[in-house]
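S.K.: sharing a sequence plus its predicted fold:
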Amino acid sequence: MIIENSQAAKTVLNESSSRTLLARGGSLMMVEVSFAKGGIGEVHSHDAHEQISYIVKGSFEVKVGEETRILKAGDSFYAGYNIPHGVKALEDSVILDVFNPFREDFLEKQE
């Protein structure tokens, strides 16, 4: 599967964030999430998904489990099954999320 960004499915999540569904195949999915300064990805956990996230642009206050850190472009984190995690954009920022298995709920919201 090859996805050109101009053809990728985009979803506005709220006034401060949007999600672009990039590639998926097998059990993997890659998603780009853009946040305006102050945008929040609420603390949550997944009982059916692992997640690896990479900071593409900007900086975030990131909470994973009991740990909170400031991450900037080039940094990353892993949130395993049932591990609470969330982010707050400290400036206009972009994060790349990879899920295993892929997020069926993201596909349903595209239809």
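M.R.: Right, received. Where do you want to start?

S.K.: what's around Val64, how many residues?
M.R.: 20 (other Cβ atoms under 10 Å). Backbone N, C-alpha and C define where each C-beta goes, glycine included.

S.K.: report the separation between it and Val87.
M.R.: Counting by Cβ to Cβ, to the nearest Å, the gap from Val64 to Val87 is 10 Å.

S.K.: could you look up the SS state of the nearest residue to His49 once chain neighbours are set aside?
M.R.: Distances taken as Cβ to Cβ, 6 or more residues apart in numbering place Phe99 nearest to His49, at 5.0 Å, with adjacent residues excluded. Following DSSP: H, G, I helix; E, B strand; the rest coil, we place Phe99 in the strand state.

S.K.: so Phe99 versus Glu32, what's the distance?
M.R.: For Phe99, the distance to Glu32 - Cβ to Cβ - is 12 Å.

S.K.: between the two, point out the one with more neighbours.
M.R.: Neighbour tally, Phe99 and Glu32, criterion other Cβ under 10 Å: the higher count belongs to Phe99, 21 against 18.

S.K.: shouldn't the more buried one be in contact with Val33?
M.R.: No. Using Cβ atoms under 8 Å, Phe99 makes no contact with Val33, being 11.8 Å away.

S.K.: ok, now how distant is the spatially most central residue of the chain from Ser34?
M.R.: Nearest to the mean C-alpha position of the chain, by Cα atoms, centre = their mean, lies Asp97 at 3.8 Å. Distance of Asp97 to Ser34, computed by Cβ to Cβ: 12 Å.

S.K.: Glu4 too?
M.R.: Taking Cβ to Cβ, one finds Glu4 at 18 Å from Ser34.

S.K.: ok, Phe102 next?
M.R.: Counting by Cβ to Cβ - Phe102 and Ser34 are separated by 20 Å.

S.K.: and Glu61, how many neighbours?
M.R.: 14.

S.K.: residues contacting it?
M.R.: Residues counted as contacts of Glu61 (Cβ atoms under 8 Å, 6 or more residues apart in numbering) are 68-70, 87-88, 90.

S.K.: same question for Ser18.
M.R.: 10-12, 33-34.

S.K.: quick check: beta-bridge partners of it?
M.R.: Val12, Ser34 (DSSP bridges).
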